[in-house]
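A.B. asks: A structural model of the following input is requested.
(3 chains)
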Amino acid sequence: MAQLAQSFFRRPVLEVAPELLGKQLVRSLPAGDVFRYRITEVEAYDGSADLACHASRGKTPRTAVMYEPGGVWYVYLVYGMYHMLNIVTGESGYPAAVLIRGVETISGPGRLTKKLFINKTLNQKKAIKHNGLWIEDDGLAVSAFAVTRTPRIGVAYAKEWAEKPYRFVWQT
DNA sequence: ACGATGATGAAC
DNA sequence: TTCATCATCGTA
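C.D. replies: All right, here's what the predicted structure looks like:
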């Protein structure tokens, strides 16, 4: 089907994030299994000025991937236990990414990565079929009226940035 | 309501 | 080299 091109992700994160709702996250495993899940919940992390964004403390070994041109995965471990799946967005040099927080039938970013066998081996890899994890557009239209914007989860430390409505939830 | 569990980044 | 801090979840 229509795999999203790298150019789709090389745009401002606040444009890309809501457009990912309703798209299909596709995972293929070496054994041949293919899983498809429609994306229902995302969060935008927008540049070094955004105090909730990991790149707010500058470029480090962990955050370097966020400075790459959009279209690569950013996977990291939180709370010593769960992997978080993000897709890097925007132009080269501007650190931004979309956290994929939930898909149809799986809620919660930690449970999502566990179920799809996603770990740091995918970090910095392009979101293309060849790498076993990519996103497809099958033509489904998501009504803007079915999308709710709220503040992001778990970022209370980010001062005024904690309140910004950068979380997008699609009511199916 | 809280503990598990380890990488990360900043301070010392 | 040590320490506080986490983009969470399951059990209580």
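
A.B. asks: what about chain A, any weak spots by pLDDT?
C.D. replies: Along chain A, segments meeting pLDDT under 70 span A:1.

A.B. asks: tell me which parts of it are close to DNA strand B?
C.D. replies: Proximity of chain A to DNA strand B (CB under 7 Å from any atom of the strand) is limited to residues A:54, A:57-58, A:60-63, A:76-81. Bear in mind the C-beta positions are built from the backbone N, C-alpha and C, glycine included.

A.B. asks: rerun that using 10 Å as the cut-off
C.D. replies: Selection of chain A residues close to DNA strand B by CB under 10 Å from any atom of the strand yields A:54-64, A:66, A:75-82, A:110, A:120, A:123.

A.B. asks: now, which of these lie within helices?
C.D. replies: A:Gly110 (DSSP state H).

A.B. asks: which among the residues of chain A next to DNA strand B end up buried?
C.D. replies: Among these, those buried by neighbour count (16 or more other CB atoms under 10 Å) are A:54-56, A:63, A:66, A:75, A:110, A:123.

A.B. asks: Next, give phi and psi for A:Glu160.
C.D. replies: When read as degrees, to the nearest 10, the backbone of A:Glu160 gives phi -60, psi -20.

A.B. asks: For it, give me its contacts.
C.D. replies: A:Leu51 (CB atoms under 8 Å, 6 or more residues apart in numbering).

A.B. asks: Let's verify the residue of chain A positioned farthest from its centre: helix, strand, or coil?
C.D. replies: Going by CA atoms, centre = their mean, the residue of chain A most distant from its centre is A:Ala31, 25.0 Å out. Three-state call for A:Ala31 (DSSP: H, G, I helix; E, B strand; the rest coil): coil.

A.B. asks: Chain A: strands as residue ranges?
C.D. replies: A:2-3, A:24-28, A:34-46, A:73-78, A:82-88, A:96-103, A:106-107, A:133-137, A:147-150, A:167-170 (DSSP state E).

A.B. asks: Using JSON lines, lay out those strands together with distance to A:Trp161.
C.D. replies: Listed next are the strands of chain A as JSON lines, based on distance: least, CB to CB, whole Å:
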{"stretch": "strand A:2-3", "distance to A:Trp161": "33"}
{"stretch": "strand A:24-28", "distance to A:Trp161": "26"}
{"stretch": "strand A:34-46", "distance to A:Trp161": "9"}
{"stretch": "strand A:73-78", "distance to A:Trp161": "18"}
{"stretch": "strand A:82-88", "distance to A:Trp161": "17"}
{"stretch": "strand A:96-103", "distance to A:Trp161": "13"}
{"stretch": "strand A:106-107", "distance to A:Trp161": "24"}
{"stretch": "strand A:133-137", "distance to A:Trp161": "26"}
{"stretch": "strand A:147-150", "distance to A:Trp161": "14"}
{"stretch": "strand A:167-170", "distance to A:Trp161": "12"}
